[in-house]
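*Asks:* My questions concern the predicted model and sequence given below.
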Amino acid sequence: MPTRYKSVDVSVAVSTDRGLITPIVFSANSKGLLAISEDVRRLAAKAREGKLQPQEFQGGTFSVSNLGMTGVKSFSAVINPPQSCILA
């Protein structure tokens with residue numbers, strides 16, 4: 001049986017010196033594009049500084065990943081439980 005989530009908590013893949021981490025934009029379904037963009041920038045900066053708290057990157061309902069800027073032409077994305085899907 002599929003899981004139905006009450007909010008859309010989007011994990012965004014961020015490359016850091018320590019590897020890939022996926023901070024979460026919580027309740028993205030109730031935010032506008034500007035607010036989501038601001039959250040992504042803030043969270044990406046915290047991720048690169050190594051200052052994310054566990055609750056800021058554990059969980060989520062949906063992931064967004066982009067490896068195009070690294071020269072990758074194709075790859076198979078893996079859904080991270082408990083998330084429902086990944087856009088790659």
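*Replies:* Right, received. Where do you want to start?
*Asks:* So residue 45 versus residue 18, what's the distance?
*Replies:* Between residue 45 and residue 18 the distance is 14 Å, computed by CB to CB, to the nearest Å. Using the backbone N, CA and C atoms, a C-beta is placed for each residue, glycine as well.
*Asks:* same question, residue 82
*Replies:* 24 Å.
*Asks:* Kindly report the same for residue 61.
*Replies:* Applying CB to CB, one obtains 25 Å for the distance of residue 61 from residue 18.
*Asks:* Do a quick rundown of the helices in this structure.
*Replies:* Listed in chain order, the helices found in the chain under DSSP state H are 33-49.
*Asks:* Now do the contacts for residue 8.
*Replies:* If a contact means CB atoms under 8 Å, 6 or more residues apart in numbering, then residue 8 has 27-29, 61-62 as its contacts.
*Asks:* Redo those residues as JSON lines? Include neighbour count.
*Replies:* As requested, the contacts of residue 8 are arranged in JSON lines below (neighbours: other CB atoms under 10 Å):
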{"residue": "27", "neighbour count": "15"}
{"residue": "28", "neighbour count": "22"}
{"residue": "29", "neighbour count": "14"}
{"residue": "61", "neighbour count": "21"}
{"residue": "62", "neighbour count": "20"}
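*Asks:* nearest to residue 11, of those residues?
*Replies:* residue 62 (6.9 Å; CB to CB).
*Asks:* Test my guess that the closest one contacts residue 86.
*Replies:* Yes: using CB atoms under 8 Å, residue 62 is in contact with residue 86, at 7.3 Å.
*Asks:* mind checking pLDDT for residue 83?
*Replies:* Residue 83 carries a pLDDT value of 89.
*Asks:* now it: how far from residue 44?
*Replies:* Relative to residue 44, residue 83 is positioned 19 Å away (criterion: CB to CB).
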